[in-house]
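Student: all I have is the shape, not the residue letters:
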């Protein structure tokens, strides 16, 4: 378990875009955590929890799933590979093919010499990760009509002098009740001593219960 040196959890959006009888909440939370461990150690740890996997960094064509609204890549890292620094990117490319169930995206991996190595394999191949980012945006379709339902997860891990700062933003829309957004991701982030992320995010949401 990691022991956070600093932490901050802030509710940045909680709006009901439905009605009082049929609520449709959009809830967004920003999380910052500072630890002593290196970005490489955190990368290994979150590979073990399943946060860094083919579910979050796809290597095959996927539907309705890209890096972010701003077209950020699924994954970015600054690596040390065979003694050389390299930038590694898994970018979503719109295939131009719209289906009944949505839009297909093809992952494109750079650089060419690492295109067959998934980030979940880095620690087994002695590839050091100096800093990294993970971006997931899943949107939903209903027949030929785009739904307003989506899940968004953005995370960056960077070294700052003698500590590492994790920055996370999670957003989920069309929730029928006030609950923790993107709980699937938080479960895989919950590796901090004396800190239940889901519970702490829920407490932050409830602080504004009367608004």
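Tutor: Happy to help now that I have it. Note that the structure is predicted; figures quoted are calculated from it, not measured.
Student: now do the SS call for residue 52.
Tutor: Following DSSP: H, G, I helix; E, B strand; the rest coil, we place residue 52 in the coil state.
Student: just to check, it is in contact with residue 134?
Tutor: Yes. With contact defined as C-beta atoms under 8 Å, residue 52 counts as touching residue 134 (6.9 Å). Backbone N, C-alpha and C define where each C-beta goes, glycine included.
Student: shared neighbours, these two?
Tutor: By C-beta atoms under 8 Å, 6 or more residues apart in numbering, residue 52 and residue 134 have these common neighbours: residue 75.
Student: list the contacts of residue 159.
Tutor: Contacts for residue 159 (C-beta under 8 Å, 6+ apart) come out as 38, 39, 130, 131.
Student: again, but for residue 10
Tutor: So residue 10 contacts 29, 30, 31, 204 (C-beta under 8 Å, 6+ apart).
Student: before we move on, what about residue 195?
Tutor: Residue 195 sits next to 4, 7 when contact means C-beta under 8 Å, 6+ apart.
Student: flag the shaky bits of this structure, pLDDT-wise.
Tutor: In the prediction, the chain carries residues with pLDDT under 70 at positions 97-101, 141-147, 210-211.
Student: can you show me the helices along it?
Tutor: Taking DSSP state H to define them, one finds helices in the chain at 39-49, 183-189, 197-206.
Student: Throw the ones you listed into CSV and include mean neighbour count and distance to residue 152, thanks.
Tutor: Output for the helices of the chain, formatted as CSV (neighbours: other C-beta atoms under 10 Å; distance: least, C-beta to C-beta, whole Å):
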stretch, mean neighbour count, distance to residue 152
helix 39-49, 19, 18
helix 183-189, 18, 10
helix 197-206, 17, 15
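Student: for the residue sitting nearest the centre point of the chain, give the beta-bridge partners.
Tutor: The residue lying closest to the centre of the chain (C-alpha atoms, centre = their mean) is residue 153, at 3.6 Å. For residue 153, the beta-bridge partners are residue 136, residue 170 (DSSP bridges).
Student: circling back: which one among the contacts of residue 10 gets closest to residue 119?
Tutor: Within the contacts of residue 10, the smallest distance to residue 119 is 21.2 Å, found for residue 31 (C-beta to C-beta).
Student: what is the burial count for the closest residue to residue 154 other than its chain neighbours?
Tutor: Nearest residue to residue 154, sequence neighbours excluded (C-beta to C-beta, 6 or more residues apart in numbering): residue 169, at 4.6 Å. Using other C-beta atoms under 10 Å, residue 169 has 19 neighbouring residues.
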